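Undergrad: Need coordinates for the below:
(one chain, ligands or ions: 1)
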Amino acid sequence: MKTKTVIVIGAGIGGINAATHLAKQGLHVTVIEKNARPGGRCDRLSREGHHFDTGPTLLVMPLLYEAEFAALGASVREMLDLQRVDPTYHLAFDDGSQLALTSDMKSLQEQLEKFEPGSFQGLLRYLNEGHRHYHVGMEKMVHPDFRKATDFFKLGNIPLIHQVKPLVKHYANMSNYFDDPRLKAAFTFQDVYMGLSPFEAPATFSMMPYTELAHGVWYPKGGMYQVVEALMSLAREAGVEFVFDATVEQINVNGKSAHGVVVDGQRLEADAVLANADLPYVYQNLLPQDGQGKKLERKRYSCSVISFFWGLDKPYETLPPHTLFLAKDYRENFDSIIRDLSLPANPSLYIHAPARLDPSMAPQGQDTLIGIVPVGHMSANGEQDWGSLRDQARQHIFRRLRTLGIHDLKEHIKFEINFTPLSWRKRYNLAKGSTHGLCHNLTQLGYFRPDYQHSQYRNLYFVGASTRPGTGMPTAMVSGRQSAQRILDGLQI
Ligand SMILES: Cc1cc2nc3c(=O)[nH]c(=O)nc-3n(C[C@H](O)[C@H](O)[C@H](O)COP(=O)(O)OP(=O)(O)OC[C@H]3O[C@@H](n4cnc5c(N)ncnc54)[C@H](O)[C@@H]3O)c2cc1C
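TA: Residues are numbered from 1 along each chain as shown. All right, here's what the predicted structure looks like:
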């Protein structure tokens, strides 16, 4: 029998992962990637001995990594040299107080009690709820492949309303555990990873602070790009073929099926097509315009970020690996990013110093720094002045660092590379320059997220952040495995 062929558009985490599963089942799989290297958003930059992870910097949900590497017949612990980052984050508040989020419960207790007497008991209760939300969420929302409505709308799922509090707002729920607004912020800021404000996110997302404290935040020696290298070695071993610097211009469709793609004017045929490029972009740019692209335009998108990558000629050893400045105008921050699609007047922001975790990320006696400032995604009217917003964001970072006693960063910058939402759109074809794709509000979660399979062209499939289960590297691996299974079932293999 003739070997079945699959073309994968894009070598992001989801695309590589799906391709490997398919090749392991004997399919001939070709991945076509517009950029010169694999990884998509999990990308890297190197200059003058400074190495930057330009996308993900946190290896979170390690249990998912373990399970997904195991599903590929590999061990994540053997393939990556992982170290636990503890304390995970150093939080710095506007009033000068600081909190090191650590799994050392004694230290955490001492710190929390200074913020608010009795708050450690509140944290233990919060983590208990987070534990339930994590495990039930994984079992009922992340792992099931909802192929039809009744896979989700069934009696067994009714208790979810109480079990994972989807109808309770995350921030409002925090009053059950803490009074101090700094602590409420310390255990909800992770919602921004889902593209949501804690004032609108379901309380379900307490699973994130829970997994970060309970299962840890990790770092692979050599940086997050090592995950891409590991997945690529498994893909190549399975026989996946990669073509880089090649942009898919169109998906060829016909009636009820897709029969290939056009790359650089050349038609390539396949039995199935799997799109790893951002799902809204695929509908809007690679398929015939039938109204679905317009419909997706109106969906809610996650925020974007302005990122700075600095090579510095001196080390800043007092700066921990992950520092988060959380603004006191917490609500205003989210309103300005999510509602006004702008840069807050006093933004919360994040600094990553990878050389604290792996000295080889910077030349000896120097430093490598990444500054990330969340901003709104690109607006439809294109009114945002990204040059000016970028310059403001840079000044906010310098101002924040001064509060930690770092006054001379500007003078020690050897070079700067920066990304705005325009860069995210250009580099990876992310709709609206939104870094996490479609956001994860209730109506875009689980079964309600765009399906793996196109509703009309039944051999056209999707994988990655804007389809199921959602954003994040480990979830992209889940997405890869599940979409591959859909293809195998569709091709009756
Ligand atoms: C700034 C930032 C920080 C993040 N931090 C974290 C973190 O700390 N931890 C975490 O787990 N996750 C994090 N994420 C999220 C994580 O990176 C993504 O959810 C995940 O990598 C998405 O993978 P994907 O499978 O959707 O593929 P993508 O990364 O979207 O890759 C899709 C690929 O398709 C290619 N492509 C697009 N159009 C075409 C075309 N026409 N032809 C050919 N190829 C095409 C693109 O170039 C790209 O390589 C972060 C993301 C960003 C941007």
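Undergrad: in the stretch 151-300 of the chain, which spans are helices?
TA: Counting by DSSP state H, counting those that start in this stretch, one finds helices in the stretch 151-300 of the chain at the ranges 160-163, 170-173, 181-186, 207-214, 225-238, 279-285, 292-297.
Undergrad: Phi first, then psi, for His436.
TA: With angles defined as degrees, to the nearest 10, His436 sits at phi -110, psi 10.
Undergrad: these two touch, right, it and Ala465?
TA: Yes: His436 is within contact range of Ala465, at 6.1 Å (criterion: Cβ atoms under 8 Å). Just so you know, the C-beta spots here come from the backbone N, C-alpha and C atoms, and that holds for glycine as well.
Undergrad: mind listing what the residue of the stretch 201-350 of the chain found nearest the ligand touches?
TA: With Cβ to the nearest ligand atom as the measure, Ala277 is the residue of the stretch 201-350 of the chain nearest to the ligand, at 3.3 Å. Contact criterion Cβ atoms under 8 Å, 6 or more residues apart in numbering gives 9-10, 248, 286, 428-429, 464 as the residues in contact with Ala277.
Undergrad: how about CSV for the residues you listed, with pLDDT, distance to the ligand and secondary structure added?
TA: As requested, those are exported to CSV (pLDDT from 0 to 100; distance: Cβ to the nearest ligand atom, whole Å; DSSP: H, G, I helix; E, B strand; the rest coil):
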residue, pLDDT, distance to the ligand, secondary structure
Ile9, 98, 5, strand
Gly10, 98, 2, coil
Val248, 98, 4, strand
Leu286, 98, 6, coil
Tyr428, 98, 4, helix
Asn429, 98, 4, coil
Gly464, 98, 3, coil
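Undergrad: quick one, strands of the stretch 251-400 of the chain?
TA: If you assign secondary structure with DSSP state E, counting those that start in this stretch, the strands in the stretch 251-400 of the chain sit at 257-263, 266-269, 272-275, 304-312, 322-326, 349-352, 367-375.
Undergrad: most neighbours, which of the contacts of Ala277?
TA: Across these, the neighbour count under other Cβ atoms under 10 Å reaches its highest value at Gly464, namely 30 neighbours.
Undergrad: Distance-wise, check the closest residue to that one other than its chain neighbours relative to Val263.
TA: Closest residue to Gly464 apart from its sequence neighbours, by Cβ to Cβ, 6 or more residues apart in numbering: Gly14 at 3.9 Å. Using Cβ to Cβ, to the nearest Å, Gly14 is found at 20 Å from Val263.
Undergrad: Which one's more surrounded, the two?
TA: Counting neighbours by other Cβ under 10 Å for Gly14 and for Val263 shows that Gly14 has the greater number, 31 against 19.
Undergrad: Quick check: that one is in a helix.
TA: Yes: assessed by DSSP: H, G, I helix; E, B strand; the rest coil, Gly14 belongs to a helix.
Undergrad: circling back to that earlier point, give me the pLDDT for the residue of the stretch 201-350 of the chain closest to the ligand.
TA: At Ala277 the predicted local confidence, pLDDT, stands at 98.
Undergrad: Start at 57, not 1
TA: Sure, I'll start numbering at 57, so the last one becomes Ala333.
Undergrad: Tell me the spacing between it and Arg537.
TA: Using Cβ to Cβ, we find Ala333 at a distance of 19 Å from Arg537.
Undergrad: circling back: is it true that the residue nearest to Gly520 touches Ser535?
TA: Yes: in this structure Gly70 lies within contact range of Ser535 using Cβ under 8 Å: 4.6 Å.
Undergrad: Between these two, which contacts overlap?
TA: Overlap between the neighbourhoods of Gly70 and Ser535 consists of 519-521, taking contacts as Cβ under 8 Å, 6+ apart.
Undergrad: For the closest residue to Arg387 other than its chain neighbours, the count of nearby residues, please.
TA: Spatially, and ignoring its direct neighbours in sequence, Arg387 is nearest to Phe255 (6.0 Å; Cβ to Cβ, 6+ apart). Applying other Cβ under 10 Å, we find 16 other residues in the vicinity of Phe255.
Undergrad: dump the residue contacts of Phe255.
TA: The neighbourhood of Phe255, defined by Cβ under 8 Å, 6+ apart, consists of 225-228, 387, 390.
Undergrad: among those, which ones are buried?
TA: Members of the contacts of Phe255 that pass the buried threshold by neighbour count (16 or more other Cβ atoms under 10 Å) are listed as 225-227, 390.
Undergrad: Off-centre distance for stretch 63-83?
TA: A distance of 19 Å separates the centroid of the chain from that of stretch 63-83, by Cα atoms, centre = their mean, to the nearest Å.
Undergrad: quick one on the thing from earlier: right, and out of the contacts of Ala333, which lies closest to Arg203?
TA: Ranked by distance to Arg203 (Cβ to Cβ), the contacts of Ala333 are led by Gly520 at 18.5 Å.
Undergrad: how close does that closest one get to Gly432?
TA: In this structure, Gly520 and Gly432 are 22 Å apart, going by Cβ to Cβ.
Undergrad: where does the residue nearest to Arg387 land on pLDDT?
TA: The predicted local distance difference test score for Phe255 is 95.
Undergrad: what about the closest residue to Arg93 other than its chain neighbours, how many neighbours?
TA: Counting by Cβ to Cβ, 6+ apart, Phe300 is the residue found nearest to Arg93 once chain neighbours are left out, at 6.6 Å. Look at Phe300: counted by other Cβ under 10 Å, it has 13 neighbours.
Undergrad: State the distance from Phe149 to Asp385.
TA: As judged by Cβ to Cβ, Phe149 and Asp385 stand 12 Å apart.
Undergrad: Which one's more surrounded, these two?
TA: Just comparing Phe149 and Asp385: by other Cβ under 10 Å the higher neighbour count belongs to Phe149, 21 against 15.
Undergrad: Tally up the residues packed near the closest residue to the more buried one other than its chain neighbours, please.
TA: Of all residues beyond its chain neighbours, the one nearest Phe149 is Arg238 (5.1 Å), with distances taken as Cβ to Cβ, 6+ apart. The tally of other residues near Arg238 (other Cβ under 10 Å) stands at 18.
Undergrad: Arg238 contacts Leu155, doesn't it?
TA: Yes: using Cβ under 8 Å as the test, Arg238 is close enough to Leu155 to be in contact (7.4 Å).
Undergrad: got the residues of this structure near the ligand?
TA: 65-71, 88-91, 96-98, 111-114, 116, 303-304, 332-334, 361, 484-485, 491-492, 520-521, 527-529, 532 (Cβ under 6 Å from any ligand atom).
Undergrad: for Ser175, what are its contacts?
TA: Counting by Cβ under 8 Å, 6+ apart, Ser175 makes contact with 168-169, 233-236, 239.
Undergrad: Phi, psi for it please.
TA: Main-chain dihedrals, Ser175, degrees, to the nearest 10: phi -70, psi -20.
Undergrad: Quickly note the distance from it to Gly193.
TA: Here Ser175 is placed at a distance of 25 Å from Gly193 (Cβ to Cβ).
Undergrad: what sits against Gly461?
TA: Under the criterion of Cβ under 8 Å, 6+ apart, the neighbours of Gly461 are Thr374.
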